[in-house]
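In: below are the sequence and a predicted model for it; my questions follow.
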Amino acid sequence: MGVVPLAGPSIVYSAGYNVAVAGSGDLRRGLLYCYDEVSRRMMMWRRKLAIPWLLLCAVDARLGVAQGQMEGEPALLSVYPSAARRGQPLRVEIRGHHLEGARMLWASEPGLSGGVTGVEREAQAPQPKDDETKKPAIWRVFLDLDVNAAARIGPHFIRTVSRRGVSTAIRFEVLDAPVVLEQSTAHADPAAAQAVSPPCLVNGRLAKPGEADVFAFNAKEGERFSFRVTAAENFDPRVALFSRKASWFDDSRAVRLLFDEERGFEQMPIQAIGTFRAAQPGQYFVQVSSVFGKGCGECTYQLSVARDEAQTGAAKSEEGTWRERAFTRALTPEWIAAVGNRASGAAARHENLTAYTDDEQGRELRLPALISGVIGKPGEADTFRFRAEAGDKLAFEIETPQTPPPHFNPVVAVLDVQGRQILSNIQRRVSLFNNNAEVEGYLKDIEPKAIHTFQAGEYTLKVRDLTARYAGTSYAYRVLVRRQAPHVGEVTSPDLDHVNLTPGGSRKIALTAALEEGFTGDVVYSASGLPPGVTLLPAGRLIEEKAPRDLPENAETVLPGQYGSTLILAADPGLEPTAEPARVTIRFRPVVGGKPGSELLVREFPLMVVEQAKPEEKRK
């Protein structure tokens with residue numbers, strides 16, 4: 001491997017380095033195998049792991065690695081209100097655990113600032129005698145929040161800072177549209193409904209079990225409205241629509257109306273959304289409640305009420321994150337270049353992307369091709385032809401821009417000239433063995449991507465819904481057919497939200513990288529923004545098989561290989577606590593043949609050095 005220039009503390013891992021760490025993907029999937037298979041694998045891994053495992057245990061013992069969060073770390077549960085208009089100052093309440101002594105607000109980016117005006121502990125209700133679980137106390141932090149007029153529109157993340165360190169993050173929305181606060185008095189029925197004027201975003205809270213909030217608005221005949229719970233913390237939201245219709249017993253009886261999505265559609269909604277066209281002028285009511293009647297001080301929500309299906313609220317995507325295996329990522333002409341950027345410059349040939357629609361079925365595709373279409377009728381299937389040369393390695397990526405799974409489940413299949421299916425994006429995984437270690441059942445799922453190496457010939461690409469029962473104008477799809485480019489896919493670290501270190505302590509960071517389309521190069525990790533006295537150290541790594549063995553067919557077609565890396569952040573003994581969080585950024589570079597690619601973002605998070613918690617503080 002050639003010389004790779006590095007900036008700051010860095011660690012290099014090679015996709016071909018055969019060191020494994022206990023807890024591999026094979027052992028975690030042991031329940032899917034018969035006893036003999038598990039025993040054989042355990043013996044195999046025991047021989048492989050003997051020396052690396054002892055070395056890793058020694059490193060852990062010397063550094064005192066903390067698993068997950070430190071005991072008694074600040075954790076935020078909710079913020080209310082959870083949205084504001086730009087240039088609007090307001091007072092907010094943050095609720096969470098271990099927030100005593102909170103002294104400042106920390107925002108993910110400029111635009112939000114404020115000071116703590118009070119901290120109090122909420123009185124706990126008596127626990128039942130048979131309940132032996134000890135629930136941590138809930139603390140309330142009050143802040144005067146200032147939303148700058150130049151603040152970026154969209155989601156921001158705020159935290160509190162105390163002697164215990166920096167807290168977990170909570171989402172706060174910044175809008176350039178009217179924001180309405182829920183009234184303090186009860187408004188659970190149309191008679192007491194709170195009036196709102198669309199378009200607006202309502203900040204509300206279901207403070208008690210069984211609570212429901214009702215909002216009233218006026219509509220003209222033929223006017224269309226859309227409703228969406230854009231955020232809900234600690235409960236599953238439900239929206240319902242009502243109007244008034246007189247009866248013999250009640251002149252103002254509330255009558256339930258159906259949203260457009262509920263008419264002739266028998267599937268359970270996965271989001272609290274709805275559109276409605278007013279058949280006659282008058283007053284209408286929209287209700288927000290919990291699916292299971294849950295209510296608490298942390299059950300907050302944002303309800304968007306808009307005209308003509310224009311939503312009031314920010315997009316839910318997070319900037320800087322790479323979502324390659326998601327049906328909702330945008331397949332645009334720039335996508336191929338973005339993939340190549342993660343392949344150390346070894347991307348597919350720079351060919352012009354040709355766009356097609358479902359009106360051009362039967363035409364031979366010129367690759368790379370981007371197909372846009374709609375499954376408008378039940379049982380409909382769109383077909384396209386393409387030609388491949390021997391050894392052509394192609395990738396098929398699927399996007400559902402309007403209706404994602406589980407409602408619209410797009411199936412992409414490739415058939416040869418004899419009509420035999422050679423490829424699809426359906427994943428079939430072993431789910432059950434009988435007493436004779438024979439396969440009895442499978443779990444099936446669809447994936448947003450599939451790859452294949454072709455023989456020379458002509459092929460047919462077919463796009464349909466998983467069932468022949470559902471369809472509609474919102475069942476839109478995009479399929480990108482391109483040449484494969486071995487690259488590093490998603491790099492994830494689910495447990496990395498923030499880091500609080502004590503002097504002499506450390507924190508383990510587990511990273512998992514997807515090896516897309518046969519990537520076999522190296523990965524260079526680096527960290528910037530570390531405070532003085534905090535260093536980045538190697539700990540070990542975990543290699544998983546390229547494809548799970550419990551996939552009976554085409555395992556590598558639908559799932560990428562993965563390997564994990566472990567980094568350790570360690571603080572020097574005697575280090576003084578920091579006054580506020582440092583903004584630390586972890587990046588990686590793909591390296592192929594000694595040539596490094598672009599430096600790409602993995603995660604940005606706050607880090608603090610805090611003093612060791614006292615025993616009495618840990619018990620709070």
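Out: Received, thanks.
In: distance of Glu458 from Lys135?
Out: Distance from Glu458 to Lys135, counting by CB to CB, to the nearest Å: 65 Å. (Each C-beta comes from the backbone N, C-alpha and C, glycine too.)
In: repeat that for Ser565.
Out: Going from Ser565 to Lys135 by CB to CB gives 36 Å.
In: quick check: Gln283 is in a helix.
Out: No. Using DSSP: H, G, I helix; E, B strand; the rest coil, the assignment for Gln283 is strand, not a helix.
In: model confidence score at it, please.
Out: On pLDDT, Gln283 comes in at 91.
In: how about the contacts made by it?
Out: Ala216, Phe217, Asn218, Ala219, Ser243, Arg244 (CB atoms under 8 Å, 6 or more residues apart in numbering).
In: ok, Leu365 next?
Out: Thr354, Tyr356, Ile371, Phe384, Arg385, Phe386, Leu461, Val481.
In: mind putting the residues you listed in a markdown table, distance to Glu93, secondary structure and pLDDT included?
Out: Shown next, in a markdown table, are the contacts of Leu365 (distance: CB to CB, whole Å; DSSP: H, G, I helix; E, B strand; the rest coil; pLDDT from 0 to 100):
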| residue | distance to Glu93 | secondary structure | pLDDT |
| --- | --- | --- | --- |
| Thr354 | 54 | strand | 89 |
| Tyr356 | 53 | strand | 92 |
| Ile371 | 50 | strand | 94 |
| Phe384 | 55 | strand | 94 |
| Arg385 | 61 | strand | 94 |
| Phe386 | 58 | strand | 94 |
| Leu461 | 54 | strand | 95 |
| Val481 | 51 | strand | 95 |
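In: what's around the residue lying closest to Tyr477 once chain neighbours are set aside, how many residues?
Out: Computed as CB to CB, 6 or more residues apart in numbering, the closest residue to Tyr477 that is not its neighbour in sequence is Pro410, at 5.0 Å. For Pro410, the neighbour count with other CB atoms under 10 Å is 25.
In: for Pro410, give me its contacts.
Out: Phe327, Ile375, Ile398, Thr400, Asn425, Ile446, Val463, Arg464, Asp465, Leu466, Tyr477.
In: count residues in the vicinity of the fifth one, would you?
Out: What it means is Asn425. Under the neighbour criterion other CB under 10 Å, Asn425 is assigned a count of 22.
In: my read: it touches Ile398, true?
Out: Yes. With contacts counted by CB atoms under 8 Å, Asn425 reaches Ile398, the gap being 6.4 Å.
In: quick one: the residue of the chain positioned farthest from its centre and Ala240, what's the gap?
Out: In the chain, the greatest distance from the average C-alpha position (CA atoms, centre = their mean) is reached by Trp248, at 51.0 Å. From Trp248 across to Ala240, the span is 24 Å (CB to CB).
In: pLDDT weak spots in the stretch 401-550 of the chain?
Out: Judged by pLDDT under 70, the stretch 401-550 of the chain has its weakly predicted residues at 429-443, 539-550.
In: could you pull out the strands in it for me?
Out: Listed in chain order, the strands of the stretch 401-550 of the chain (DSSP state E, counting those that start in this stretch) span 410-415, 421-424, 426-433, 439-446, 449-453, 457-465, 476-483, 487-492, 499-501, 506-516, 522-528, 534-543.
In: quick one, which of the ones you listed gets closest to Pro281.
Out: Proximity to Pro281 (CB to CB) singles out strand 476-483 among the strands of the stretch 401-550 of the chain, at 33.3 Å.
In: how does the chain divide into domains?
Out: 10-68+489-618, 75-121+136-175, 179-307, 348-484 (automatic domain parsing).
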